[in-house]
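*Asks:* Structure, please.
(chains A and B)
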Amino acid sequence: MNSLVVAALLLLLLAASYQIGLSRSRAVAGSSTLKMHSRPNYHGMMVALWCLVPALAILLVWFFVGDDVVRTYTLSLLPPEVVNGDATQLRDALRRVEQISTGYGVVGDAQPYENAAGQSLHEFRLLTFWATVAVAAGLGIIGLLVMRARIAPRLRARNEFEAVVKVLLAICSGIAILTTVGIIASLLREALHFFSFISPMDFFFGTVWAPRFSATAGGDYGQYGLLPLLWGTIMVSTIAMLVAIPLGLMSAIYLAEYAPRKVRAFAKPAIEILAGIPSIIYGFFALVTLGPALAALGGMIGVPIRATSALTAGIAMGIMIIPFVSSLSDDIITQVPGAMRDGSLGMGATKSETIRRVVLPAALPGIVGAFLLAVSKAFGETMIVVLAAGNAPILRFNPFEATSTVTVSIVNQLTGDTNFASPQSLVAFALGLTLFAMTLCLNVIALYVVRKYREQYE
Amino acid sequence: MMFNAPETQKMNANVAPVSIPDPASVALPKTFQTVRTPDPEPRQVRVHAKDVSVFYGPKQALFDVSIDIPEKAVTAFIGPSGCGKSTFLRCLNRMNDTIEGARVSGTIQLDGEDLYDPKLDVVELRARIGMVFQKPNPFPKTIFENVAYGPRIHGLATSKTDLEQIVVESLQKASLFNEVKDRLHEVGTGLSGGQQQRLCIARAIAVSPEVILMDEPCSALDPIATAKIEELIDELRANYTIVIVTHSMQQAARVSQRTAFFHLGILVEEGPTEMMFTSPAEKRTQDYITGRFG
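*Replies:* Below is the predicted model of the structure:
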């Protein structure tokens, strides 16, 4: 209700201030002999900005400090013995007052002081809300009037608006960057918290992954060796890349160099559909079809292959990544200038010689970049391995056996009862940080390689 | 310049075109007669084309072109943009095959052998008829590897020293060796535009072609680099049959012995360069070389 009122008010201010600026601008233009520097809509937009920015600023300030103000006020309503008493009791008391003030009521009998406090809080809330709205609207209207008064033929509203646009865009990209920084910071904080329980040496170089459930309290937290998980991730990703790179690259070469236009128009989107299938469906496919088929195949040739194994998960993941590799490689191959091909064909080279000796070497850095991006995708993939890798975090080198990965362990540690004070859950942050560091490194390398490629033709 | 420019060259290239007829609206005669003037002393014919027409999809780009291209001489194709001269050049080593929807009819023979015979090996043909393109297009490899590319794929060198010899000779023939001898193993794309184009010529020479086709080889170069290439073309004439497409009539006059004028997909006139630029038989040729259109 309250936010609706605010939104309506803001919209009203926006429309009104824009119209006021517009008509003022026209009036000035009509009465002045000078040519207007900016068109009326820029004056309108500047007036709207001058009105909205102060109003929004006030609302934002209230959004951040409002809760603290309310809490301080509530504390002043409570008897001193409650305020200075036990922390849990105080929290309960605050909650009860809060519930009374919003009209939900409380469990059990309300103390008289609670009822009184609830009533006061309710009134205080209403008062502060309307006060904030009034101040915001007031400042907005002041801004509006100031800007309206500034409107003059030589006012460079168009240039001013341009500066505003620049700031606005900078803020947007700032938000994206800050979010990333925030995520890294929280990962780091929780990971450090984890390392206060388990030493980094034991984590990064431990070969046994056996966390105890948090329910079994006691001094022993279990063992948190990263290596089995890291190895599982690397093994599954390697298998995935062994599937995805040849298939993806070959299909990219076919699409870019050989396919007639009609085939390409159909085949390229068809392959890209593979990328649109949710990874959980690849997980099913691996679990229900691919795994048993591989196990049967293993039985036929006398090699024991488990239905849920690194191989199963790797192949399913590889199929998922094919469109990624093929689509990126296709774009890069098509970017190689046609003059290169002509030069080679004109020398009497065949098409495949041209591709092998001229087109691919020219496109290689870009293709490597595509591969690295695909690998980082494989590292982060979760659903397929959860379903198809068998969840056996044991350090062993046989791809036909079940394995587990970093991502699977994060899922396991955060499923069910979680208490973020114990290493059992906190380890997820350390794992997440490891994964993040790995993909970040790959992405940085990939970006570097791709940029180097660009320089060649520009 | 090393050639005496004929009198008619003193035209102003900036004269606005009088009117360029739209190809579709021009009523074309049933047969496309070409005015031919033979050389005073006949040369041996290497490439013989008869009634060559080219279609890009439903659009006809070239109409019944017939021409004989003489050995050890430079033949220039001139004409306004879109007149079909490059299209015809690309027919001579079947580079049009690489364009989707292109179709060629008529016959083209190299030493009496039909180039469009289905049994003919295109790959082998292109080794015999080399090509230099409008924009220098060295491969993103080293200078050495650029020149060694052709000999390698055709297995022309039996040993490493053999290959080195071919590379050095080709670079020498392309008058590039002295400029690059200290940096053979640096990338070819780092050379200047003119050097890149000479590298491309060296690359074409390295497979010992019999005919070299050049598609506006100087259009992306400055006058100094252009002069060097023209000088080179004149030297190469002693050993190769050269066909050059050019937009610059001065260039055609300077480097070629025979000139063919194309207009709207028709070969209008062909004859000795000297005569073409001084007393062309056709009015259209006269109009073009004096800058009245195109």
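
*Asks:* ok, which stretches of the stretch 1-150 of chain B are helices?
*Replies:* Assigned by DSSP state H, counting those that start in this stretch, the stretch 1-150 of chain B shows helices spanning B:85-92, B:122-128, B:143-153.

*Asks:* okay, the ones you listed in CSV with mean pLDDT next?
*Replies:* Putting the helices of the stretch 1-150 of chain B into CSV (pLDDT from 0 to 100) gives the following:
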stretch, mean pLDDT
helix B:85-92, 92
helix B:122-128, 89
helix B:143-153, 93
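
*Asks:* closest one to chain A among the ones you listed?
*Replies:* Chain A lies closest, by Cβ to the nearest Cβ, to one member of the helices of the stretch 1-150 of chain B: helix B:122-128, at 3.5 Å. Just so you know, the C-beta spots here come from the backbone N, C-alpha and C atoms, and that holds for glycine as well.

*Asks:* just to revisit the earlier point, rebuild the helices of the stretch 1-150 of chain B as TSV, extending it with distance to chain A.
*Replies:* Written out in TSV, the entries for the helices of the stretch 1-150 of chain B read as follows (distance: least, Cβ to the nearest Cβ, whole Å):
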stretch	distance to chain A
helix B:85-92	9
helix B:122-128	3
helix B:143-153	4
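
*Asks:* Any figure for the gap between B:S256 and B:T107?
*Replies:* Distance check for B:S256 against B:T107: by Cβ to Cβ, to the nearest Å, it reads 24 Å.

*Asks:* Comparing these two, which residue is more hemmed in?
*Replies:* A side-by-side neighbour count of B:S256 and B:T107, using other Cβ atoms under 10 Å in any protein chain shown, places B:S256 first with 28 against 15.

*Asks:* For stretch B:128-148, measure first residue to last.
*Replies:* End-to-end distance of stretch B:128-148 (Cα to Cα, to the nearest Å): 16 Å.

*Asks:* List the contacts of the residue sitting nearest the centre point of chain B.
*Replies:* Within chain B, the residue whose C-alpha comes closest to the C-alpha centroid is B:I244; the distance, by Cα atoms, centre = their mean, is 2.6 Å. Contacts were defined as Cβ atoms under 8 Å, 6 or more residues apart in numbering or on different chains; by that measure B:I244 touches B:74-77, B:213-214, B:217, B:233, B:251-252, B:255-256.

*Asks:* So which residues on chain A come close to chain B?
*Replies:* Contact residues (Cβ under 8 Å from any Cβ of the partner chain) of chain A with chain B: A:260-261, A:337, A:339-350, A:353, A:357-358, A:361-362, A:456.

*Asks:* In helices only, show me these.
*Replies:* A:261, A:339-346, A:353, A:361-362 (DSSP state H).

*Asks:* So which elements touch the lowest-mean-pLDDT helix or strand in chain B?
*Replies:* The element with the least model confidence among the helices and strands of chain B, by mean pLDDT, DSSP states H and E, is strand B:35-36, at a mean of 86. Using 3 or more Cβ pairs under 8 Å, 6 or more residues apart in numbering or on different chains; DSSP states H and E, the elements in contact with strand B:35-36 are strand B:266-272.

*Asks:* between the strand it packs on and helix B:85-92, how big is the angle?
*Replies:* 80 degrees (axes from the mean of the first three to the mean of the last three Cα atoms, to 10 degrees).

*Asks:* So what does A:F63 look like in phi/psi?
*Replies:* Backbone geometry at A:F63, expressed as degrees, to the nearest 10, gives phi -60, psi -40.

*Asks:* For the worst-scoring helix or strand of chain A on mean pLDDT, buried residues please.
*Replies:* When the helices and strands of chain A are compared on mean pLDDT, DSSP H and E, helix A:80-83 comes out lowest with a mean of 78. Along helix A:80-83, the positions that meet the burial threshold by neighbour count (16 or more other Cβ atoms under 10 Å in any protein chain shown) are A:V82.

*Asks:* So which other helices or strands are in contact with it?
*Replies:* Contact partners of helix A:80-83 among helices and strands, from 3+ Cβ pairs under 8 Å, 6+ apart: helix A:87-102.

*Asks:* I'd like the next helix or strand past the helix it packs on.
*Replies:* Moving toward the C-terminus from helix A:87-102, the first helix or strand encountered (DSSP states H and E) is helix A:112-150.
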